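S.K.: coords please:
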Amino acid sequence: MRTGLLITVSITLTSTLTAQTIDQKASDAWLITRMAARYHVSPRLLDEDMSAAIFSQLFDALDGQRLIFTAADIRQMIGYRLNLNEEILNRRTGFLTLVAGIYRQRLMQTDSLIDGITSKPFDYTLHETLTVAEDTSWAVSSQALRSKISKFLKYSVGNTMAYDLLHDKSQHPASKDSLEIALRKKAGARMHRSIRRILQSPRGIDNIVGNIYCQSLASCYDPHTAYFTSDVKAEFESMLGNKPLSFGLTLTEDENGNPMIGKLIAGGPAFQSGGLHEGDKILTLRWDDQGSIDVSGASVEETDRILDAEGGTRLTMTVKRPDGTTRDVSLQKQLVNVDNDDNRVRGYVLNGTRTVGYISLPAFYSDWEDSRGINGCANDVAKQILRLKRSNISGLILDLRYNGGGSMQEAVELAGIFIDAGPVAQIKTREAKVITLKDVNRGTVYDGPLILLVNGSSASASEMVAGTLQDYHRALIVGSPTYGKATAQVVLPMDTTVDLSTYSSQTQASSYVKITISKLYRITGQTAQRNGVQPDIVLPDPPDAQSEREADERFALPSTPIEPNKYYTALPPLHIEAAQTVARKALDSSAFFTGAREEHQQTTRHPGKDISLYFDDIMAANRKAMSKEAPPPAAVDGKGAPLFTIGSPASDARKKEMQADPYLAIAYQLITPLSN
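M.R.: The predicted structure is shown next:
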């Protein structure tokens with residue numbers, strides 16, 4: 001009797017928590033539409049078309065590879081496709097409850113299939129394929145789903161096996177069978193982990209489905225409007241410079257690629273526990289009272305994703321010490337002062353025929369705790385410039401490649417380092433009035449020859465700086481067209497009474513919306529939205545570069561110009577023709593850029609192709625890819641001598657990387673025509 005009572009109480013409690021979660025997410029979805037209606041720069045009508053878009057976004061996010069749901073499942077839910085607008089506006093929970101229930105059931109079913117599929121060797125002598133239709137659609141039956149998962153795992157194992165055999169000279173054809181066994185086991189374990197990370201998430205599947213539902217809704221307004229839980233908001237702010245909650249440890253891998261404890265940060269939870277040490281191998285992870293997740297064969301990236309799970313209070317980590325003993329260590333995230341060197345400004349002196357300064361700025365981080373910006377990226381760049389000027393540099397290269405943006409105020413201040421006081425950009429909100437962003441500080445930190453390196457991953461704040469300095473004729477923009485994001489967002493709590501003019505980002509809430517509130521314009525009235533900033537000197541992207549831009553996003557806002565600002569005065573035009581002549585000569589003599597241009601000319605967009613699972617075909621595809629892996633040549637002059645050497649504080653690895661960077665080599669050579 002007591003056991004039955006306990007089970008009844010447990011089931012009732014779980015059901016209540018599930019209902020509360022679903023109700024909360026339905027309420028958040030409704031609030032997103034209210035927030036968008038009030039604050040979004042160009043709010044979209046919540047109608048049948050948007051309902052269909054939300055439905056599509058949701059299932060792409062839940063099951064993008066079409067390995068979980070079946071066609072019958074989708075038919076069961078398709079009735080909601082054109083009615084989600086009514087579901088959201090009336091805060092109904094029927095759709096969410098149905099999706100979460102089917103998702104849980106199918107995840108458990110898929111999880112149960114994996115061991116059976118990976119228990120026998122894959123036969124790579126069969127001439128079978130994973131067809132495009134099969135790969136991009138939901139399976140018509142449970143049997144078809146099992147076949148698809150089997151083919152998916154077979155291709156994954158075969159592709160990795162071919163790569164290893166071609167790249168590791170110690171592997172021989174005779175070892176192919178043993179390699180297949182090991183990789184098949186790893187592939188099955190990896191898929192188990194990806195599923196159990198959801199099934200055993202700290203706040204449950206209903207929370208995951210609800211979050212994705214709200215995010216799918218938000219993303220239909222534009223690609224940068226997003227739904228944030230409190231944990232996701234903290235992670236987002238940490239990328240912009242705020243101090244994050246952390247376990248205070250880093251991960252590395254052992255000789256077999258398995259995760260183990262790397263550095264412990266002094267004062268952090270891992271350090272304070274006294275139970276973890278550098279080199280401890282991580283066996284399992286368990287959130288709160290959820291089941292343990294075996295990570296003994298996981299990659300560092302997989303393990304990081306589990307550690308980043310949203311909502312968990314206490315993590316129990318089972319580790320194996322170097323002496324063979326195991327222990328459980330419980331941790332809770334705390335505020336940890338972490339100096340993330342990867343996102344900080346770095347400056348170097350390039351010594352060659354000219355002494356040139358080089359500054360890398362990976363992100364526009366800000367000083368969240370001091371509005372004076374003392375520890376923001378603009379001030380850090382200024383410090384590096386002053387240090388580099390002591391070496392009598394004749395030019396400066398500012399590298400904004402792969403810089404996806406961040407603090408717009410830091411971007412304004414960074415532009416001000418290179419120009420005298422004046423307008424740097426314009427903002428258009430829902431109101432008729434255009435707001436001008438200004439550099440209010442007279443004078444410059446650096447007024448010499450300046451090159452900005454950009455590429456297709458330079459976005460937002462990076463594009464604002466590049467566009468401003470181009471419009472002022474202050475810098476030569478070198479690289480490939482930028483991403484094309486010229487909108488600004490603000491993170492708001494779910495509260496329709498927020499006043500944007502007085503809102504403090506310190507307001508705490510259980511959920512938030514990052515919402516696009518304005519469009520950004522250059523002082524010329526043009527915008528980088530969709531089109532990006534077009535470089536003065538165009539360099540071809542690397543053959544393996546991602547080609548997606550803002551214009552490729554499904555719900556990207558349009559590009560519409562406004563009136564130019566009448567109160568800015570450009571400097572005399574740069575010697576762009578002379579620079580183009582130098583660039584053409586350097587490009588024609590570079591094997592890397594010649595190959596990159598040929599590769600892009602041969603590459604055309606085409607629909608997906610059927611994937612052969614016959615091993616000889618897999619090997620042939622890997623050989624073809626391997627033939628294109630030639631490393632970029634070192635930056636050398638006509639006599640084969642290095643174009644430049646790199647002064648301290650660059651490490652040997654960093655020096656090697658910079659000297660093998662063909663884009664930096666071109667930029668270095670372009671300082672000369674700018675100086676004449």
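S.K.: pull the contacting residues for the residue nearest the centre of the chain.
M.R.: Centroid-nearest residue in the chain, with Cα atoms, centre = their mean: Gly404, separated by 9.0 Å. Contacts of Gly404 were listed using Cβ atoms under 8 Å, 6 or more residues apart in numbering, and they are 363, 457-460, 462, 483. Heads up, the C-betas are built off the backbone N, CA and C, glycines and all.
S.K.: which one among these gets closest to Thr672?
M.R.: Closest approach between those and Thr672, by Cβ to Cβ: Ser458, at 24.2 Å.
S.K.: against Met260, how distant is Glu302?
M.R.: To Met260, Glu302 is 14 Å away according to Cβ to Cβ, to the nearest Å.
S.K.: swap in Pro362?
M.R.: 27 Å.
S.K.: re earlier: the contacts of Gly404 in helices, which ones?
M.R.: Ser462 (DSSP state H).
S.K.: out of the contacts of Gly404, who's the most crowded?
M.R.: Neighbour tally across the contacts of Gly404 (other Cβ atoms under 10 Å): the maximum, 32 neighbours, falls on Ser458.
S.K.: which is the next helix or strand following the helix or strand of the chain with the lowest mean pLDDT?
M.R.: Lowest by mean pLDDT, DSSP states H and E among the helices and strands of the chain is helix 591-602, with a mean of 68. Per DSSP states H and E, the first helix or strand lying C-terminal to helix 591-602 is strand 611-612.
S.K.: in its sheet, what does that next one sit against?
M.R.: With DSSP bridges as the test, strand 611-612 is paired with strand 129-130 (antiparallel).
S.K.: now the partner strand, how far from the chain's geometric center?
M.R.: Taking Cα atoms, centre = their mean, to the nearest Å, the mean C-alpha location of strand 129-130 is offset from the chain mean by 30 Å.
S.K.: so which residues make contact with that strand?
M.R.: 148, 151-152, 155, 610-613.
S.K.: about what we covered before: could you confirm the residue nearest to the centre of the chain falls within a helix?
M.R.: No - under the criterion used here (DSSP: H, G, I helix; E, B strand; the rest coil), Gly404 is coil, not part of a helix.
S.K.: name the nearest residue to Phe615, ignoring sequence neighbours.
M.R.: Distances taken as Cβ to Cβ, 6 or more residues apart in numbering put Tyr124 closest to Phe615, at 3.4 Å, once the chain neighbours are dropped.
S.K.: so the one you found, which of the three states?
M.R.: Per three-state DSSP, Tyr124 ends up coil.
S.K.: that one touches Gly158, doesn't it?
M.R.: Yes - with contact defined as Cβ atoms under 8 Å, Tyr124 reaches Gly158; the gap is 5.9 Å.
S.K.: low pLDDT regions in the stretch 201-350 of the chain?
M.R.: Scanning the stretch 201-350 of the chain with the threshold set as pLDDT under 70 gives 237-244, 255-256, 310-313, 336-343.
S.K.: quick one: contacts for Leu388?
M.R.: With Cβ under 8 Å, 6+ apart, Leu388 has these contacts: 347, 349, 357, 359, 396.
S.K.: is it true that the fourth one touches Gly395?
M.R.: No - between Ile359 and Gly395 there is no contact, the gap being 11.8 Å when judged by Cβ under 8 Å.
S.K.: who has more neighbours out of the two?
M.R.: More crowded of Ile359 and Gly395, by other Cβ under 10 Å: Gly395, with 23 against 20.
S.K.: you'd agree that one is up against Gly357?
M.R.: Yes - at 7.2 Å, Gly395 and Gly357 qualify as touching, with contact defined as Cβ under 8 Å.
S.K.: pLDDT score for the closest residue to His473 other than its chain neighbours?
M.R.: Spatial nearest neighbour of His473, excluding adjacent residues (Cβ to Cβ, 6+ apart): Leu571 at 4.5 Å. Confidence at Leu571, expressed as pLDDT, is 93.
S.K.: and Asp135, by the same measure?
M.R.: pLDDT, Asp135: 89.
S.K.: what is the rounded mean pLDDT of stretch 521-539?
M.R.: Here the average pLDDT along stretch 521-539 is 96.
S.K.: next: stretch 426-434.
M.R.: 91.
S.K.: and it, what's buried?
M.R.: 426-428 (16 or more other Cβ atoms under 10 Å).
S.K.: can you check stretch 291-300 too?
M.R.: So stretch 291-300, judged by 16+ other Cβ under 10 Å, has buried residues 293, 295, 297-300.
S.K.: for stretch 504-517, same thing?
M.R.: 511-517.
S.K.: can I get it in PDB? Just the C-alpha atoms.
M.R.: Provided in PDB are the C-alpha atoms of stretch 504-517 (Å, rounded to 0.1, in the frame of the first residue of the first chain):
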ATOM      1  CA  SER A 504      18.300  49.000 -16.500                       C
ATOM      2  CA  SER A 505      19.800  45.800 -17.800                       C
ATOM      3  CA  GLN A 506      20.200  44.700 -14.200                       C
ATOM      4  CA  THR A 507      16.500  43.800 -13.900                       C
ATOM      5  CA  GLN A 508      16.100  40.100 -13.000                       C
ATOM      6  CA  ALA A 509      13.400  37.800 -14.400                       C
ATOM      7  CA  SER A 510      12.800  34.100 -15.200                       C
ATOM      8  CA  SER A 511      12.800  34.700 -19.000                       C
ATOM      9  CA  TYR A 512      13.700  37.400 -21.400                       C
ATOM     10  CA  VAL A 513      13.500  38.400 -25.100                       C
ATOM     11  CA  LYS A 514      16.300  39.700 -27.100                       C
ATOM     12  CA  ILE A 515      14.500  42.000 -29.500                       C
ATOM     13  CA  THR A 516      15.500  44.000 -32.600                       C
ATOM     14  CA  ILE A 517      14.600  47.600 -31.700                       C
END
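S.K.: many thanks, I have nothing further to ask.
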